[in-house]
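Visitor: just need the structure, nothing else, for what follows:
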Amino acid sequence: MKKLPILFLFLLPLLASCVEKQVYIVYFGEHKGDKSLHEIEEFHHSYLYGVKQTEEEAKASLLYSYKHSINGFSALLTPDEASKLSELKEVVSVFKSNPRKYSVQTTRSWRFVGLEEEGHNINHGFGESRSDILKRAGYGRKVIVGLIDSGVWPESSSFRDEGMGPIPGSWKGICQNGPDFNSSHCNK
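Guide: All right, here's what the predicted structure looks like:
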């Protein structure tokens, strides 16, 4: 009978390491502008080292350091580690990342950029692995990615509504005229 409690003591660290780690975002607020990018990442590591067992584990758990517009990081943490970080005075907030919280807000972009063939839907990336999607997209060959914020161009082929069903009855929007935009530009 005495062997059971001793065995339990040896298994306790193993059981503790089995707690599922999740991605959390730790937010410190704005940057003060007094640290280099390397110093910011080291600052983030120091907080992880405060809740992890080793420096190696702290560095391995860091997924991303937000170094430009916000000051924070994302890391693989247990709920207990996240809770400990949230109690620190310098930490504004700690929250669990939820990659499926946001949904795709488009109906045609996949076909428009060549990731969807007629009759074959890639399920907006959730049904295929990243490598499958990259392969289907030709690994980005002959693709130029850029951002030009010129507003919405209703005549663009990505806004065509051909083949779309009726507008849902729950939609309560209107097509509003404005400068350089008239109701003839509206579609489904």
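Visitor: which residues are in contact with Phe43?
Guide: Contacts of Phe43 were listed using CB atoms under 8 Å, 6 or more residues apart in numbering, and they are Lys35. In this view, the C-beta of every residue, glycine as well, is placed from N, C-alpha and C.
Visitor: would you say it is within a helix?
Guide: Yes: using DSSP: H, G, I helix; E, B strand; the rest coil, the secondary structure at Phe43 is a helix.
Visitor: measure Val51 to His185 for me?
Guide: 54 Å (CB to CB, to the nearest Å).
Visitor: what about these two, which has more around it?
Guide: Applying other CB atoms under 10 Å to Val51 and His185 shows that Val51 carries more neighbours, namely 19 against 15.
Visitor: the more buried one and Ile174, how far apart?
Guide: Distance from Val51 to Ile174, by CB to CB: 51 Å.
Visitor: for the chain, just list every one of the strands.
Guide: Assigned by DSSP state E, the strands in the chain fall at 22-29, 62-66, 71-77, 93-96.
Visitor: so which of the ones you listed is the most packed in?
Guide: Comparing those by mean neighbour count (mean count of other CB atoms under 10 Å), strand 71-77 ranks first with a mean of 22.
Visitor: bridging residues for the closest residue to Gly72 other than its chain neighbours?
Guide: Using CB to CB, 6 or more residues apart in numbering and skipping the chain neighbours, the partner closest in space to Gly72 is Tyr27 (4.1 Å). Following DSSP bridges, Tyr27 is listed with bridge partners Gly72, Ser93.
Visitor: does Tyr27 touch Val94 like I think?
Guide: Yes: if you go by CB atoms under 8 Å, Tyr27 and Val94 touch, sitting 7.3 Å apart.
Visitor: in this protein, where is pLDDT below threshold?
Guide: Scanning the chain with the threshold set as pLDDT under 70 gives 1-19, 99-131, 133-134, 137, 139-140, 142-154.
Visitor: now the helices for it?
Guide: 3-17, 37-49, 55-61, 79-86, 109-112, 130-136 (DSSP state H).
Visitor: contacts for the fourth one?
Guide: Surrounding helix 79-86, the residues in contact under the criterion CB under 8 Å, 6+ apart are 19, 22, 24, 26, 47, 50-52, 77, 91, 93-94, 96.
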